[in-house]
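Participant: Curious how this folds, go ahead:
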Amino acid sequence: MPHRPIALAAAALIAAALLGACDTAPDPRPSFVAAPTPSAVAATGASPTPAGSPSPSATAACGVFPADSVWRLDVSKLPVHRSSAAYVGSIGTDARMHPDFGSGLWEGAPIGIPVTTVKPNQAKVKVSFEYADESDKGPYPIPADVKVEGGRGGDGDRHVILYDPAACKVYELYAAHPNGATWRAGSGAVFDLRSNRLRPAGWTSADAAGLSVFAGLVRYEEVARGRIDHALRITVPRSRDTYLWPARHAASDRSDASLPPMGLRLRLKAGVDVSKFPKQARIVAEAMQRYGVIVADNGSPWYLSGAPDERWSNDALRALKNLRGADFEAVDVSKLIGDRDSGAVAG
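Facilitator: Down below sits the predicted model:
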């Protein structure tokens, strides 16, 4: 999807008109409250550090951001957003969830957004960007056998996700194409997975919301261990011309207050019984009840992003299509917003 930024002057005018329609004011001048203390977070019923969750320093492999990251916030007890019904209605109350990942091939390419794990000594290459003023210059560790979303000849979003566990970093590209000995891309971002630092306000990433794509993917390794401990990435058909923390970027020219802003957090309602789902689908659904989903890009309604893997059971994942928009509700996270440049929820 195109990630062209909105002009700051126009965004400022739009912001004034929208403040009454949203619990959190849109950037570029958002209204942030003080970072909550651990006791304040506990009072909400949310747990940014789930019991048994290892800290990054305690794990052999690098995971998805620190334990106090907003991605890993338990939102199951947070209040419902006052605009929840409007948001869900605009995404599609009757639209079915679609797991946009799996095993096998679709139109000749693996199903989902692939992740390439790079070696510590992987040579880095120069990447030129269409949106250079909002991209991290790099260079990027792109191996010769790098995996591209949609395949090397695909014409879709062509995400390239490069996971460097040794450095605990992820390098992400949107609309990536080889260009001789170098590469070109629409936009690119580098995330330190040991840090909660967000991108500058107004900046895109490889995602329309300015967030990490990698952080929101459903990955087989997590399901195999029996638990996903972070929010997941979804797309919506139409978004609003603003964004909510922790998102940093909008990708729309529509000001309709019923449309979801980038960064909106939703969750699968607690009353939705997923206990009889096949194991793979059940673990994903349980994560959506506890950690929720984050609106990250424009696309088809309720499309859930994940990484392809031959170990996925497409039949099992198909159970997620039993979920409809009416099974979800938007979450109000405004009381948990801390430092505007941080994705942490507790100091």
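
Participant: pLDDT weak spots in the stretch 51-200 of the chain?
Facilitator: For the stretch 51-200 of the chain, applying pLDDT under 70 flags the ranges 51-61.

Participant: which non-adjacent residue is nearest Glu222?
Facilitator: Excluding the flanking residues, the one nearest Glu222 by CB to CB, 6 or more residues apart in numbering is Ile228, at 4.7 Å. Just so you know, the C-beta spots here come from the backbone N, C-alpha and C atoms, and that holds for glycine as well.

Participant: Quick check: which element contains the one you found?
Facilitator: Assigned by DSSP states H and E, Ile228 belongs to no helix or strand.

Participant: Around the residue nearest to Leu336 when sequence neighbours are not counted, how many other residues sit close by?
Facilitator: Excluding its sequence neighbours, the residue lying closest to Leu336 (CB to CB, 6+ apart) is Val345, at 4.8 Å. By other CB atoms under 10 Å, 28 other residues sit near Val345.

Participant: just to revisit the earlier point, I figured the residue nearest to Glu222 was touching Arg282, is that so?
Facilitator: No. Between Ile228 and Arg282 there is no contact under CB atoms under 8 Å: 10.9 Å.

Participant: and Val213, what does it touch?
Facilitator: Counting by CB atoms under 8 Å, 6 or more residues apart in numbering, Val213 touches Ile113, His159, Ile161, Glu172, Ser205, Ala206, Asp207, Arg233, Ala296, Ser305.

Participant: Any chance of TSV for those residues, columns neighbour count?
Facilitator: Below are these laid out as TSV (neighbours: other CB atoms under 10 Å):
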residue	neighbour count
Ile113	27
His159	25
Ile161	24
Glu172	28
Ser205	28
Ala206	31
Asp207	31
Arg233	27
Ala296	29
Ser305	24
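
Participant: Put together JSON lines for the residues you listed, with distance to Trp312 on each row.
Facilitator: Below are the contacts of Val213 laid out as JSON lines (distance: CB to CB, whole Å):
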{"residue": "Ile113", "distance to Trp312": "13"}
{"residue": "His159", "distance to Trp312": "18"}
{"residue": "Ile161", "distance to Trp312": "17"}
{"residue": "Glu172", "distance to Trp312": "22"}
{"residue": "Ser205", "distance to Trp312": "26"}
{"residue": "Ala206", "distance to Trp312": "23"}
{"residue": "Asp207", "distance to Trp312": "22"}
{"residue": "Arg233", "distance to Trp312": "17"}
{"residue": "Ala296", "distance to Trp312": "21"}
{"residue": "Ser305", "distance to Trp312": "13"}
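
Participant: Could you report the neighbour count for Ser84?
Facilitator: Applying other CB under 10 Å, we find 17 residues neighbouring Ser84.

Participant: what about the residue nearest to Glu222, how many residues close to it?
Facilitator: Neighbours of Ile228 under the rule other CB under 10 Å: 21.
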